[in-house]
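S.K.: I would like to see how this sequence folds:
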Amino acid sequence: MDTLQAMRAFVSVAETGSFTAAAKQLDTTVAQVSRGIAALEARLRARLLNRTTRRLALTEVGERYLQRCEQIIAYIDDAEAEAGDAHARPAGRLRVHSMTGIGQHYVIRAIAEYRKQYPEVSVELTMANRMPDLLDEGFDVAVVVANELPDSGLVSRQIGQTYSVLCASPSYLAERGTPKHLQDLNQHDCLRLLSPVMALDKWLFDGPYGQEMLSLGNSPFQVNVGDGMTEAIRCGMGIGVLPVYSAVDGLRDGSMLRVLPHYRLQRLNVYALYASRQYLDAKIKTWVEFLHERLPAALTAEEAIVRGGAELR
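M.R.: Numbers count the residues shown, from 1 in each chain. From the prediction side, this is the model:
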């Protein structure tokens, strides 16, 4: 019998006034209860109970020790109940990491909807265009966009797919002309979107002839977030690559036009990453499920807008 079990035995004996009744309450034997209390007394070098053949009574030390044991056991019971409840009821702080573009366009909106269902969950969102270290940085879930994931030992769940398209402003195309073929891009200012999941100096396209690679020359501008690229394109700085979710508003309002609409950059997967499937916290489980249910439909809807815009051009 370990110390905590011995403390429970001691409290039970004090409450029931009997070793036999305590053993029945704890579903153990009288001998085990007796050995547990004897081990406590040996450890403390103090007598906790005065025993006779007819009755037992707490010593002065035993009365003080009983109060401490009751407090400790109550704290432990509360902690176990709270931890156990975490697997059944979403509550507490959820720490989420997301890549910037998908975070701004989808994840924040998803968090707002999620909290309507689970108001006891508070969310701390960090956005950055990198692969986070969940364990070292303390994140519960990361939302990442990648062709494939490195072997990290984390649990991954695919929650959607997306791709990027070429865009330019009407003013830029009016001044420099509209490319008709991929190789025409070599005569244009190609803006680079820095990405942890795409090569800086190459664009890999899916098009009418399958996959084609375009190597880029010098670029007059590069930026690491989609919204920065969107603004550069709108300002007429050149032709740039934008994820569908970053391009859709500009294509809809006409401030940007899709270039080479029969081509798109290689499709990428959207993943939710978390540390372990075992004893999964309810807020993590429900958040990942929520993303899996909602994100694909949102991505598909905006892809339809981009395709429609391309057909109009």
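S.K.: Next up, identify which helix or strand residue 81 is on.
M.R.: helix 60-86 (DSSP states H and E).
S.K.: Just the CA atoms of the helix or strand that that helix is followed by, as CSV, please.
M.R.: Using DSSP H and E, the next helix or strand after helix 60-86 towards the C-terminus is strand 92-98. Output in CSV follows, covering the C-alpha atoms of strand 92-98 (Å, rounded to 0.1, in the frame of the first residue of the first chain):
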residue,chain,number,x,y,z
GLY,A,92,-10.2,25.7,-20.7
ARG,A,93,-7.5,27.3,-22.9
LEU,A,94,-6.9,25.9,-26.4
ARG,A,95,-3.5,27.0,-27.9
VAL,A,96,-3.6,27.0,-31.7
HIS,A,97,-0.9,27.8,-34.2
SER,A,98,-1.8,28.5,-37.8
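S.K.: Give the buried residues for strand 92-98.
M.R.: 94, 95, 96, 97, 98 (16 or more other CB atoms under 10 Å). Bear in mind the C-beta positions are built from the backbone N, C-alpha and C, glycine included.
S.K.: doesn't residue 288 make contact with the third one?
M.R.: I take that to be residue 96. No - assessed by CB atoms under 8 Å, residue 96 is found out of contact with residue 288, at 10.4 Å.
S.K.: Find residues that contact each of the two.
M.R.: residue 141 (CB atoms under 8 Å, 6 or more residues apart in numbering).
S.K.: neighbours around the residue lying closest to residue 92 once chain neighbours are set aside, how many?
M.R.: Leaving aside its chain neighbours, residue 92 sits nearest to residue 283 (6.3 Å; criterion: CB to CB, 6 or more residues apart in numbering). Neighbourhood size, residue 283 [other CB atoms under 10 Å]: 24.
S.K.: Flag every buried residue along stretch 119-136.
M.R.: Buried-residue list, stretch 119-136, by 16+ other CB under 10 Å: 121, 123, 127, 129, 131, 132, 134.
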